[in-house]
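K.L.:
sharing a sequence plus its predicted fold:
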Amino acid sequence: MKKLLSNISIQVNSSVFIKDPETSALGQKIITNGIDMLDELGYESFTFRKLAKTIKSTEASIYRYFESKHKFLLYLTSWYWSWTEYKLVFRLTNIESPRDRLEKSILLLTEEVREDSDFSHINEVKLNRIVISEASKVFLNKDVDAENKEGVFSGYKQIVQRVSDIVLEINPTYKYPHMLVTTVIEGGHNQRFFSDHLPQLTDKIKGEDAISCFYQHLTFRAIEND
């Protein structure tokens with residue numbers, strides 16, 4: 001299975017890049033160092049000029065791959081959601097019980113992220129921190145409707161749909177599956193951020209992952225009490 005997974009590439013909507021960065025050593029270098037820099041500086045302070053200096057290249061070379069830092073962030077978040085779906089699909093393989101599948105799905109969506117050796121040029125831990133702190137910027141802007149029509153948010157929507165379908169397997173009459181799943185994802189990210197930076201806004205319980213446990217409790221209470 002591990003050998004099979006290592007041959008899988010993560011697909012990203014082509015409208016977010018000019019040239020696929022996965023097709024060249026320079027492109028992968030842009031991704032690797034761009035993740036490092038975004039994680040360190042944040043989106044507002046990140047620029048292609050700074051990235052070009054770090055990789056000892058030119059701004060023009062980066063613009064051959066991405067037309068703006070907004071599209072670069074869109075690429076990274078799109079890759080992250082497609083990678084998350086890839087993990088979800090394999091984690092749920094051969095699990096028949098919808099309750100077990102939902103439990104594993106919630107855990108995957110809320111647990112702390114670890115590096116994946118299948119993608120050596122991408123640090124998934126740093127990318128997760130970027131998604132937690134910066135991902136809302138890709139859709140909280142005036143271009144969201146046009147970009148949605150281009151399909152750039154399809155990876156995120158596919159995950160929400162997959163898990164929503166499991167919710168409806170458990171309770172076919174539940175009226176709010178998509179809202180529930182996005183609440184788990186976005187809320188889990190907020191709680192991870194609070195845990196690291198604003199701990200008085202969350203709860204830490206010794207001996208358990210309180211965030212994952214909370215969202216397991218929240219989800220099943222919502223479904224079963226409907």
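P.N.:
The structure has been received and is ready for your questions. All figures in this text were calculated on a predicted structure; none of them were measured in a lab.

K.L.:
from residue 51, how far out is the closest residue to residue 114 other than its chain neighbours?
P.N.:
Spatial nearest neighbour of residue 114, excluding adjacent residues (C-beta to C-beta, 6 or more residues apart in numbering): residue 125 at 6.7 Å. Where you see a C-beta, it was placed from the backbone N, CA and C, and this is true even at glycine. To residue 51, residue 125 is 20 Å away according to C-beta to C-beta, to the nearest Å.

K.L.:
what about the helices in this structure?
P.N.:
Ranges of helices in the chain, per DSSP state H, are 2-6, 25-41, 48-54, 59-63, 69-91, 98-110, 124-134, 144-149, 154-170, 177-197, 210-224.

K.L.:
quick check: the residue nearest to residue 114 touching residue 119?
P.N.:
No. The criterion here is C-beta atoms under 8 Å, and residue 125 misses it with residue 119 at 12.0 Å.

K.L.:
which one's more surrounded, the two?
P.N.:
residue 119 (19 against 14; other C-beta atoms under 10 Å).

K.L.:
residue 203: what's it in contact with?
P.N.:
210, 214 (C-beta atoms under 8 Å, 6 or more residues apart in numbering).

K.L.:
related to what we said a few turns ago, can you check the pLDDT for the residue nearest to residue 114?
P.N.:
Looking at residue 125, its pLDDT is 95.

K.L.:
next: residue 3.
P.N.:
pLDDT for residue 3: 39.

K.L.:
and what of the one 10 residues further on?
P.N.:
Residue-level confidence at residue 13 comes out at 93, pLDDT.

K.L.:
same question, residue 10
P.N.:
86.

K.L.:
what count of nearby residues applies to the nearest residue to it once chain neighbours are set aside?
P.N.:
Distances taken as C-beta to C-beta, 6+ apart put residue 82 closest to residue 10, at 4.8 Å, once the chain neighbours are dropped. Look at residue 82: counted by other C-beta under 10 Å, it has 20 neighbours.

K.L.:
relative to residue 42, how far out is residue 82?
P.N.:
24 Å.

K.L.:
equivalent analysis for residue 202, please.
P.N.:
From residue 202 to residue 42 the distance is 21 Å (C-beta to C-beta).

K.L.:
those two: which is more packed in?
P.N.:
Of the pair residue 202 and residue 42, residue 202 is the one with more neighbours under other C-beta under 10 Å, namely 16 against 12.

K.L.:
how close does residue 21 get to residue 15?
P.N.:
Taken as C-beta to C-beta, the span from residue 21 to residue 15 is 14 Å.

K.L.:
neighbour count: these two, which is higher?
P.N.:
For residue 21 versus residue 15, neighbours defined as other C-beta under 10 Å are more numerous around residue 21 (25 against 14).

K.L.:
my guess is that one meets residue 33, correct?
P.N.:
No. Using C-beta under 8 Å, residue 21 makes no contact with residue 33, being 11.3 Å away.

K.L.:
residue 191 contacts residue 218, doesn't it?
P.N.:
No. Using C-beta under 8 Å, residue 191 is not in contact with residue 218; the gap is 11.2 Å.

K.L.:
those two - which one has more neighbours?
P.N.:
Set residue 191 next to residue 218 and count neighbours by other C-beta under 10 Å: residue 191 wins out with 20 against 15.

K.L.:
could I get the pLDDT score of the closest residue to that one other than its chain neighbours?
P.N.:
Once flanking residues are discounted, residue 191 sits nearest to residue 211: 4.6 Å by C-beta to C-beta, 6+ apart. Turning to residue 211, the model gives it a pLDDT of 97.
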